[in-house]
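> sequence first, predicted coordinates after that:
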Amino acid sequence: MTTTTTAREWAGLSARLTSALHLAVQPIFLAFESELPEGVRQFDGQMSEPSADGRTGKVSASCVFWMEAGRAEGAFATQPEDHGNCSVGRMTHGLATLDEVAGNDDVAALLASGWLTPEMVPLIPVVTERPAVITYGRLDTMPDGVHPDVILLRVNGRQLMVLCDAIPGLRIEGKPQCHIVAIAKEQGVPAASVGCALSRARTGMRPEEMTCAFPTGGFAEIVDQVEATAGTDSVVAKYGADDARRFDDRS
């Protein structure tokens, strides 16, 4: 897809993908913007009380905005300061450099626990150009004039199975979960994440949920591939179920 793709076309792709995968939550989009898009509201909410090291934000981590986008009626825009509580999310979303967050208490806690090591941190993929605004929303309610950079799905094991078959070489990533956004945007390749303890605690994601991020380029072709793979899987699943009935009557 290109920046000329219309909101109606995005909604159609969202409906097709939701149907093919039987998604429980609609696909969402992230748009990294240089200015506030016309007609898009600011994210509601109050800034939290600052932590001891000065961290504050409208939510506990950038990945929480994924959850908010999935249940929002329309798109909303976030400012860099809205993301300020989670140093890892600020870094992966291009809102702060490693040097700017390295001294924060949450980074110190992650390093002290061994969850991250000093050697791992510089290797975490990040968005390279600092955005002025990050806009979120459901893909089926994409406003005209907003040009998404990343499409994100919340999936279960069966849905990830279909995606792996439909997208050969799909990257499966671990912690931190939010870095798949940077992989999709900066490297132009789809990436799934099994999640991370930090994100699961802050978002309340269900234990069986995982995520998958896609670049917008080539997204229509990915939807085609997913539909074809899901159709093949349905044929094989029916065969398997029918074949298994031979064992139902065994005493």
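Looks like it came in fine. Numbering: from 1, shown residues only.

> give me the contact list for stretch 220-229.
Where contact means C-beta atoms under 8 Å, 6 or more residues apart in numbering, the residues beyond stretch 220-229 that reach it are 1, 13, 16-17, 20-21, 162-163, 165-167, 190, 214. (Glycine included, C-beta is placed from N, CA and C.)

> list phi and psi for the residue most central in space within the chain.
Closest to where the C-alpha atoms of the chain average out (C-alpha atoms, centre = their mean) is Leu152, at 3.8 Å. Leu152 adopts backbone torsions of phi -130, psi 140, taken as degrees, to the nearest 10.

> just the pLDDT for it.
In the prediction, the pLDDT value recorded for Leu152 is 98.

> surely it is in contact with Leu30?
Yes. When contacts are counted by C-beta atoms under 8 Å, Leu152 is listed as touching Leu30 (6.6 Å).

> touching both of these two, which residues are there?
Val181.

> pull the CA atoms of stretch 38-50 into CSV?
Provided in CSV are the C-alpha atoms of stretch 38-50 (Å, rounded to 0.1, in the frame of the first residue of the first chain):
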residue,chain,number,x,y,z
GLU,A,38,-6.0,17.5,11.1
GLY,A,39,-9.2,16.3,12.8
VAL,A,40,-7.5,13.8,15.1
ARG,A,41,-8.1,14.2,18.8
GLN,A,42,-5.4,14.2,21.4
PHE,A,43,-5.4,11.1,23.7
ASP,A,44,-7.5,11.7,26.8
GLY,A,45,-6.0,11.2,30.3
GLN,A,46,-4.0,12.9,32.9
MET,A,47,-0.3,12.8,33.3
SER,A,48,0.8,10.6,36.2
GLU,A,49,2.6,11.8,39.3
PRO,A,50,6.3,11.8,38.6
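
> buried residues in it?
Residues of stretch 38-50 classed as buried under the neighbour-count rule (16 or more other C-beta atoms under 10 Å) are Val40, Phe43.

> check what pLDDT Asp144 gets.
The predicted structure scores Asp144 at 85 on the pLDDT scale.

> if we ignore the residues flanking it in sequence, what's nearest it?
Ala7 (4.9 Å; C-beta to C-beta, 6 or more residues apart in numbering).

> what's the neighbour count on that neighbour?
Counted by other C-beta atoms under 10 Å, the residues lying close to Ala7 total 15.

> do Ala112 as well
One way to gauge burial is a neighbour count; for Ala112, by other C-beta under 10 Å, it gives 9.
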